[in-house]
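> quick one: sequence plus predicted model below, questions after.
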Amino acid sequence: MLDVKDLESGYGPMQVLWKPSLTVKKGNITSLLGPNGVGKSTLLETVFGSVPPWGGQVLYNGVDVTRVPTHKKVDMGLALVPEGKHLFPSMTVYENLAMGAYPKKAMPHREKNMQLVYALFPRLKERSEQAAGSLSGGEQQMVTISRALMTQPQLIMLDEPSQGLAPLLVREVFETIVKMKTDIGLTVLLIEQNADASLNSADYVYIMHEGTIKAEGTPEEIKGSSEIREAYLGI
């Protein structure tokens, strides 16, 4: 579904991505692991178009989208949930979610998608008329993910969805990520510092270090390699 080939990008004169390549298969959860500062977020942002690519290629469903504008990628079914909680704090949960239904293809299905989101995150239905800024950290993360789901994506990219959450909420977020795959058929590309949780939910794993891909394999293969775990994951 998504093929990243020898991607290069960075900020100003500083190169961050040094030709990483990876493939995300349709209907899978693909996890991108590695320490902080190795280029994982930059990779997602370059794929999405928030950071301009310097070189390489991004193919989505066989189409070259390397330099397609971000808003057109959203229309094509790509969604990015960036690190952190980017909400409108004074607006209600419902209003925040409705903001996600702005693409032409999603607008006619706004209420149907709202019910889908509420089925995935029942707590948000209970909080629908509450100001988003008054929610707990875990609930705000649910709103952030759900707003991206309102765009009707085929592929959703999640950047550190469990950051700053208590262990119980981390488990809840990852259970929902798996449900996004199994219940509604979404394809997921996931960046996560919590290696154990990520390995337990992923179908395939890439290890990133210093702007390139250093290893890849199934979660069982990564767990079974003490060399990979010690060198890149610290577990």
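Happy to help now that I have it.
> check contacts around the residue nearest in space to the middle of the chain.
Taking CA atoms, centre = their mean, the centroid of the chain lies closest to residue 158, which sits 1.5 Å from it. Counting by CB atoms under 8 Å, 6 or more residues apart in numbering, residue 158 makes contact with 81, 145, 177, 188-192. No exception for glycine: its C-beta is placed from N, CA and C like everyone else's.
> do residue 8 as well
Going by CB under 8 Å, 6+ apart, the list of residues near residue 8 reads 15, 17-19, 53-56.
> which ones among these map onto helices?
Within the contacts of residue 8, no residue falls in helices by DSSP state H.
> count the neighbours of residue 167 for me.
10 (other CB atoms under 10 Å).
> domains of this structure?
Per the record, the chain has its domains at 1-77+155-235, 84-152, by automatic domain parsing.
> least confident of those domains, on average?
Per-stretch mean pLDDT for the domains of the chain is lowest at domain 84-152 (a mean of 89).
> and the end-to-end length of it?
Terminal residues of domain 84-152 are spaced 21 Å apart (CA to CA, to the nearest Å).
> next one: residue 63 from residue 138, what distance?
Distance, residue 63 to residue 138, using CB to CB, to the nearest Å: 36 Å.
> ditto for residue 214
Distance, residue 214 to residue 138, using CB to CB: 32 Å.
> what of residue 64?
38 Å.
> please say which of those two ends up with more neighbours.
With other CB under 10 Å as the criterion, residue 64 and residue 138 differ in neighbour count, and residue 138 comes out ahead with 18 against 12.
> ok, and what's touching the longest helix along the chain?
Longest helix of the chain, by residue count under DSSP H: helix 167-182. With CB under 8 Å, 6+ apart as the test, helix 167-182 has contacts from 27-29, 120-121, 137-138, 141-142, 145, 149, 156, 158, 161-162, 165, 186-188, 190, 194, 197-198, 200-201.
> narrow the residues you listed to those that are buried.
When those are checked for burial by 16 or more other CB atoms under 10 Å, the buried set is 28-29, 120-121, 138, 141-142, 145, 149, 156, 158, 161-162, 165, 186-188, 190, 194, 197-198, 201.
> now for the helix or strand harbouring residue 138, which elements pack on it?
Using DSSP states H and E, residue 138 sits within helix 137-149. Judged by 3 or more CB pairs under 8 Å, 6 or more residues apart in numbering; DSSP states H and E, the packing partners of helix 137-149 are strand 78-81, helix 93-99, helix 110-120, helix 122-126, strand 155-159, helix 167-182.
> same list (those) but as JSON lines, adding distance to residue 224.
Formatted as JSON lines, the helices and strands packed on helix 137-149 follow (distance: least, CB to CB, whole Å):
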{"stretch": "strand 78-81", "distance to residue 224": "30"}
{"stretch": "helix 93-99", "distance to residue 224": "41"}
{"stretch": "helix 110-120", "distance to residue 224": "32"}
{"stretch": "helix 122-126", "distance to residue 224": "37"}
{"stretch": "strand 155-159", "distance to residue 224": "25"}
{"stretch": "helix 167-182", "distance to residue 224": "21"}
